[in-house]
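[1] dropping the sequence and predicted coords here.
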Amino acid sequence: MKIVLLLLSSAMLAVLCYAAFRENVTEFYDYIDSIEKPFNEDKFFKRFEQEAQEINLYSKNKEDKKALKKLLKKHDIYTNVYIYDDAEDNFLGGDFGKVLDEPVGITPLYSLQNDFEQYSFNRLISESVKFKDGEGIVYVSSMHLLKYGRCSY
């Protein structure tokens, strides 16, 4: 009987510890972000705006579409970039960070629904950017804090 009671109390303690750590996991990312600042959004948007001024966003021309795709791919593996129409909020293009394709165990990171993924997508940074033929809203989500959560990156 004592073993069963010990087993139940250990299980209950384990569940409570897990719940406490899961509740505070995003505070760890906030702490690292306040100290380290692994992603400089001002620098990113400054470079993005300079290159965007030479691209037609709303053009149907293949060369303009290639230039837009090339611009969207100019980021590191921890950054997601999306462009939406300024007037109607239509999706115009985007590119995901390559870190989402990295395997975690036997599955890619994008297939895991975890706290970090939710945290990073809830911290979207948006800015209106002027292109050659109009404006677009650029959304950026940084997953640079993932470097501190996994040892394999």
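    Arrived safely.
[2] ranges for the helices of the protein?
    Per DSSP state H, the chain carries helices over the ranges 2-23, 25-36, 41-52, 62-72, 115-121, 146-149.
[3] packing partners of the fourth one?
    This means helix 62-72. Secondary structure elements in contact with helix 62-72, counted by 3 or more Cβ pairs under 8 Å, 6 or more residues apart in numbering; DSSP states H and E, are helix 41-52, strand 79-85, strand 91-95. Every C-beta, even on glycine, is put in place using the N, C-alpha and C of the backbone.
[4] where does pLDDT dip in this structure?
    22-26, 28-29, 103-122, 148-153 (pLDDT under 70).
[5] any idea which strand is longest in it?
    Across the chain, the strand with the greatest residue count (assigned by DSSP state E) is strand 134-142.
[6] in it, what counts as buried?
    136-142 (16 or more other Cβ atoms under 10 Å).
[7] I'd like the helices of the chain as a markdown table, with mean neighbour count and distance to Tyr82 appended.
    Listed next are the helices of the chain as a markdown table, based on neighbours: other Cβ atoms under 10 Å; distance: least, Cβ to Cβ, whole Å:
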| stretch | mean neighbour count | distance to Tyr82 |
| --- | --- | --- |
| helix 2-23 | 10 | 28 |
| helix 25-36 | 13 | 21 |
| helix 41-52 | 14 | 12 |
| helix 62-72 | 15 | 8 |
| helix 115-121 | 16 | 11 |
| helix 146-149 | 16 | 18 |
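[8] which one of these lies nearest to Asn90?
    Closest approach to Asn90 among those (Cβ to Cβ): helix 62-72, 14.1 Å.
[9] contact partners for the closest residue to Arg47 other than its chain neighbours?
    Spatial nearest neighbour of Arg47, excluding adjacent residues (Cβ to Cβ, 6 or more residues apart in numbering): Lys74 at 7.9 Å. Lys74 sits next to 47-48, 51 when contact means Cβ atoms under 8 Å, 6 or more residues apart in numbering.
[10] adding distance to Val4, write the helices and strands packed on helix 62-72 out as a markdown table.
    Converted to a markdown table, the helices and strands packed on helix 62-72 look like this (distance: least, Cβ to Cβ, whole Å):
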| stretch | distance to Val4 |
| --- | --- |
| helix 41-52 | 55 |
| strand 79-85 | 49 |
| strand 91-95 | 54 |
